[in-house]
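[1] give me coordinates for this.
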Amino acid sequence: MKQGLILWGERYFYAPGPMQRLLSLLLWPLSLLYCGVVNLRYRMERPRDFKLPIISVGNLTVGGSGKTPIVTALAARYDKVAVVLRGYGRKSRGLVLVSDGKKILVDVDESGDEAMLYATVLPRAVVIVSEKRESAIEKAKEMGCQCLFLDDGYNKHQIKKLDILIEVETKNNFCLPAGPYRERLWRGKKALMIKENREFRRKVALIDASEKMVLVTAIARAERLDPYLPDVADKIYFEDHHYFTKKELESVLERTGAQSLLVTLKDYVKIRKFDLPVSLMELSLELSDDFTRAVDTYISEQQ
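    The predicted structure is shown next:
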């Protein structure tokens, strides 16, 4: 039931059928109201200069677009770097220092899955989650960080930063709730637009693959994994940031007869404690020279 709703919502936003298009049209007046309010909020904000190079990686639509691997690939290129994010799905509130760049300080329940992913693959980076990004930026400065990456910070118009936006293809160009757009590239707003197979290319390696695997994942728009999947016994989708239980994963293995669970790293950081057979889809990115040069230039100009 829940998996069906997730797939329905993703089709509604990104590949709507006739009935979903009709629903979009009915909701269009609400979209105009939403866009107007968001645009007004943008116009009322005045960017604050934190005297620190800040780079945001985001997208204009709801759902996944590959922000995490891009932040990871970029942040890995710098020393004294921080990654700041809200920490969606975590079971904590307020500012939490997830990693001080030397060791991981909290568990995945407190950090959230994406922050734990960053702390795992970027062991020298400071990782902070906070609903108030300004507080996290100040904390990173206190810790001596010399550049900072914001995961999903486009709508933080009150912060001076370089905005990198990932282009996402969709047949529904309305704002919420009639379509997937939560923001627009507003007039006067500058951003570096990037696109897969232009500024970055994905590479996927299978770690500890078994003969019969079942895909289990809790990422948004999980169909993005399809081009990289081997033959699998089944695909089980959960809502984004879902916290798995050992019992439900054991049930998946038993029902499908799979020898291992095929997961992404974002899922893995939540299930590694269960000591279940796991195969890992390890994603890495190749970044274009023009793209990395643009980020390098911004950072050097701001330091």
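
[2] only C-alpha atoms from now on, for both contacts and neighbour counts.
    Noted.

[3] correct me, but residue 267 touches residue 218?
    Yes. Residue 267 lies in contact with residue 218 (Cα atoms under 8 Å); the separation is 6.5 Å.

[4] of the two, who's got more company?
    Neighbours were counted for residue 267 and for residue 218 using other Cα atoms under 10 Å; residue 267 has more, 23 against 20.

[5] the helix or strand where the more buried one lies: how far from the chain's middle?
    Applying DSSP states H and E as the criterion places residue 267 in helix 265-271. Per Cα atoms, centre = their mean, to the nearest Å, the displacement of helix 265-271 from the mean C-alpha position of its chain is 14 Å.

[6] helix or strand next in line after the longest strand along the chain, which one?
    Assignment by DSSP state E gives strand 278-287 as the longest strand of the chain. The helix or strand immediately downstream of strand 278-287 is helix 289-302, counting by DSSP H and E.

[7] list the buried residues in that next one.
    Residues 291-292, 295, 298-299 are the ones in helix 289-302 that count as buried (16 or more other Cα atoms under 10 Å).

[8] and for that helix, what's in contact with it?
    51-55, 74, 147, 162, 199 (Cα atoms under 8 Å, 6 or more residues apart in numbering).

[9] then stretch 262-280?
    Stretch 262-280 is contacted by residues 108, 113-114, 116-117, 206-210, 213-219, 243-246, 250, 259-261, 281-283 when judged by Cα under 8 Å, 6+ apart.

[10] how many neighbours does residue 178 have?
    So residue 178, with other Cα under 10 Å, has 24 neighbours.

[11] can I assume residue 8 sits in a strand?
    No. Counting by DSSP: H, G, I helix; E, B strand; the rest coil, residue 8 falls outside a strand, being helix.

[12] could you measure from it over to residue 274?
    Per Cα to Cα, to the nearest Å, residue 8 is found 31 Å from residue 274.

[13] repeat that for residue 30.
    44 Å.

[14] what of residue 188?
    Remark: distance between residue 188 and residue 274 (Cα to Cα) = 49 Å.

[15] can you check residue 289 too?
    41 Å.

[16] over to residue 209?
    From residue 209 to residue 274 the distance is 18 Å (Cα to Cα).

[17] follow-up on the earlier one: please identify which of residue 188 and residue 274 sits among more neighbours.
    Shown here are residue 188 and residue 274; by other Cα under 10 Å, residue 274 has more neighbours (14 against 7).
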